[in-house]
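Peer 1: have a look at this fold, sequence not included:
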């Protein structure tokens with residue numbers, strides 16, 4: 001089994017505030033009750049993330065836009081720099097959030113969110129293997145006669161659709177305290193998937209056309225949208241190659257020193273927003289998997305391959321199938337096979353703790369910790385995130401400054417700005433200021449329309465509070481009321 005899902009973008013500006021619960025429910029489904037709005041309609045959201053652990057582009061003599069557009073007088077490949085002391089990790093995520101909605105009324109909160117996501121990652125390449133691949137492989141003469149050893153090399157490409165139905169219930173309401181519980185139920189549709197894993201990959205480049213394989217163990221799984229005979233992109237029916245289920249579950253505790261007031265308003269728009277002094281949440285995320293069973297296949301017996309392969313400099317691979325057949329013939333002595341079988345791709349599970357503190361004059365401080373875990377050996381490990389996010393909220397305006405540690409070793413700073421219906425942010429703002437290196441980027445945006453709590457337009461009525469709760473009792477009162 002090959003691990004398949006690895007998240008790389010958390011959108012901290014969106015998930016930490018109280019004006020974007022369609023997104024914050026993705027980190028804790030009970031956070032729907034955080035909302036300052038009784039109705040949110042997300043028209044569209046976009047997110048893009050690229051990160052490299054040990055590879056970067058040298059921009060000391062050119063710019064990134066010039067390299068990509070081809071207007072630079074320098075070659076793109078010549079500007080790649082590598083830290084050979086680290087194993088290679090390259091991550092790419094792209095997401096589109098389609099029209100989505102959230103609705104809150106009294107103790108109940110609902111959300112419906114639809115997302116299309118793309119993911120690609122490479123992990124586990126040793127520094128030597130990365131240098132070999134980046135320098136035209138067998139043509140790199142300094143590595144001729146050099147033994148290159150690798151274990152647990154993984155490559156994955158995935159596109160899937162996620163329909164997320166969320167529900168949160170205010171489980172307990174007391175004068176100073178509230179406790180909400182929430183659940184996200186996810187229907188998953190796999191559109192395309194390709195997994196390649198080398199448990200062992202040990203070889204020696206002999207010369208420009210000869211490769212001595214000492215030990216190769218390879219596993220492949222695929223349910224493709226492109227044609228494996230030609231590698232050309234084309235829709236292969238059916239469009240949906242697999243289906244599955246997933247879920248999140250979470251709790252959020254709220255405290256308000258002045259006490260929460262019970263209202264008798266019937267219409268959702270009449271119920272006012274009552275802020276908290278602090279809230280603390282805990283959630284378990286992404287338990288589930290997709291079962292690919294349409295146009296899906298798995299490899300068998302691609303194990304303990306060893307041979308010397310001659311004439312590689314004159315060999316041309318015509319499509320993925322041709323490459324696999326050539327490996328089977330030349331390395332595995334035709335003992336391997338490809339069979340039409342279903343397989344499962346697991347979500348990258350994690351637990352998360354969130355805390356949000358109301359300061360003064362619209363300022364808040366949010367802390368978020370996300371840590372991946374594996375409940376069986378086939379579950380991929382999600383990169384960890386520790387973030388401190390100060391933010392300022394005022395009417396239609398909001399700004400946040402995420403300070404985070406990605407995967408426990410990569411410090412970053414971000415920026416998020418919201419004005420009315422438009423939100424835009426990044427969890428890796430350093431990419432804009434580093435003029436000498438390019439290791440990736442992170443950006444996200446959304447267009448969301450909101451109807452605020454306590455406002456019904458021309459038909460507003462004054463909020464009706466229960467008189468018993470208007471005395472403003474503090475936490476020093478011995479008698480605490482619940483309702």
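Peer 2: Done, it's in. A quick note: this is a predicted structure, and the numbers were derived from the prediction, not measured. Numbering: from 1, shown residues only.
Peer 1: drop to CA atoms for contacts and neighbour counts, all remaining ones
Peer 2: OK.
Peer 1: tell me who's in contact with the residue lying closest to residue 275 once chain neighbours are set aside.
Peer 2: Using Cα to Cα, 6 or more residues apart in numbering and skipping residues adjacent in sequence, the residue nearest residue 275 is residue 256, 7.4 Å away. Shown in contact with residue 256 (Cα atoms under 8 Å, 6 or more residues apart in numbering): 176, 177, 275, 276, 277, 278.
Peer 1: and if you look at residue 219?
Peer 2: Here residue 219 is in contact with 2, 196, 197, 198, 199, 298, 299, 300, 302 (Cα under 8 Å, 6+ apart).
Peer 1: quick one: neighbours of the last one, just the number.
Peer 2: When neighbours are counted by other Cα atoms under 10 Å, residue 302 registers 22.
Peer 1: helix, strand, or coil at it?
Peer 2: Recorded secondary structure, residue 302: coil (DSSP: H, G, I helix; E, B strand; the rest coil).
Peer 1: give me the phi and psi for it.
Peer 2: phi -90, psi 70 (degrees, to the nearest 10).
Peer 1: and it, what's its pLDDT?
Peer 2: pLDDT for residue 302: 87.
Peer 1: tell me how far it lies from residue 341.
Peer 2: 16 Å (Cα to Cα, to the nearest Å).
Peer 1: could you check how far stretch 366-376 is from the centre of its chain?
Peer 2: Here stretch 366-376 is found 12 Å from its chain centre; the criterion is Cα atoms, centre = their mean, to the nearest Å.
Peer 1: and that stretch, what's its mean pLDDT?
Peer 2: 92.
Peer 1: may I see the buried residues of it?
Peer 2: 366, 367, 368, 369, 370, 371, 372, 373 (16 or more other Cα atoms under 10 Å).
Peer 1: show me where the stretch 301-450 of the chain has helices.
Peer 2: For the stretch 301-450 of the chain, the helices defined by DSSP state H, counting those that start in this stretch occupy 320-330, 430-433.
Peer 1: on that earlier part again, in JSON lines: the contacts of residue 256, plus secondary structure.
Peer 2: Below are those laid out as JSON lines (three-state DSSP):
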{"residue": "176", "secondary structure": "coil"}
{"residue": "177", "secondary structure": "strand"}
{"residue": "275", "secondary structure": "coil"}
{"residue": "276", "secondary structure": "coil"}
{"residue": "277", "secondary structure": "coil"}
{"residue": "278", "secondary structure": "strand"}
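Peer 1: re earlier: make CSV from the buried residues of stretch 366-376 and add distance to residue 213 to it.
Peer 2: Compiled in CSV, the buried residues of stretch 366-376 are given as follows (distance: Cα to Cα, whole Å):
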residue, distance to residue 213
366, 52
367, 49
368, 46
369, 43
370, 40
371, 38
372, 35
373, 35
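Peer 1: give me the buried positions along stretch 94-114.
Peer 2: Buried positions in stretch 94-114, judged by neighbour count with 16+ other Cα under 10 Å: 94-106, 108-114.
Peer 1: tell me which residues are up against it.
Peer 2: Counting by Cα under 8 Å, 6+ apart, 21-22, 32-33, 37-49, 115-119, 161-171, 268, 271 sit against stretch 94-114.
Peer 1: and it, end to end?
Peer 2: 14 Å.
Peer 1: then stretch 119-137?
Peer 2: Separation of the first and last residues of stretch 119-137 by Cα to Cα is 26 Å.
Peer 1: next: stretch 399-413.
Peer 2: For stretch 399-413, the end-to-end distance is 14 Å (Cα to Cα).
Peer 1: picking that back up, from residue 172, how far out is the residue nearest to residue 275?
Peer 2: Applying Cα to Cα to residue 256 and residue 172 gives a distance of 14 Å.
Peer 1: what of residue 401?
Peer 2: Taking Cα to Cα, one finds residue 401 at 33 Å from residue 172.
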